[in-house]
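A.B. asks: sequence below, structure please.
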Amino acid sequence: MAEYFHSPAAYTWVGSAYLLGAAGSTPLWAKFSDIFGRKPIMVVANIVFFLGTLVCALAISVGMLLTGRAIQGIGGAGLLTLVSIAVGDLFSMRYVLLNLPPFLKTTIDLMIATE
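C.D. replies: Numbering: from 1, shown residues only. Just a heads-up that it's a prediction; the model follows:
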């Protein structure tokens, strides 16, 4: 990739661009899903990720590739965040606490006992 774009240092930014986009947009996806609902925002996140992938596939320069990766990071953050939120919506806190692995139950019991 570095040889194709004639930029030996650009490959390090490919992963960083994704992570920067993801880190910056994660809180926004959660808030948007609270306002507009889970399903429409999940569809939007999927579309954003697809558009980022399309930009990367059609990239003719390093800048275009990094822009596509940043867009992918924004969409990927939405997908990961919304899946976590959806799973949290499916199960009550009581169910989660009753079905914890034994080592976590012991840890939580000890924390409650020391208070």
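
A.B. asks: centroid-nearest residue for this structure?
C.D. replies: Centroid check for the chain by CA atoms, centre = their mean gives Ala77 as the closest residue, at 2.2 Å.

A.B. asks: next, that one: secondary structure please.
C.D. replies: Secondary structure state of Ala77, per DSSP: H, G, I helix; E, B strand; the rest coil, is helix.

A.B. asks: so it makes contact with Pro27?
C.D. replies: No - the pair Ala77 / Pro27 is not scored as a contact, 9.3 Å apart, by CB atoms under 8 Å. (Each C-beta comes from the backbone N, C-alpha and C, glycine too.)

A.B. asks: quick one, helices of the protein?
C.D. replies: Remark: helices assigned in the chain by DSSP state H are 11-36, 38-57, 62-90, 93-98, 102-113.

A.B. asks: mind showing which ranges of the protein have poor pLDDT?
C.D. replies: 1-6, 97, 114-115 (pLDDT under 70).

A.B. asks: for Gln72, which residues are in contact?
C.D. replies: The neighbourhood of Gln72, defined by CB atoms under 8 Å, 6 or more residues apart in numbering, consists of 18, 21, 49, 52-53, 56.

A.B. asks: again with Ile47
C.D. replies: Contacts of Ile47 (CB under 8 Å, 6+ apart): Gly75.
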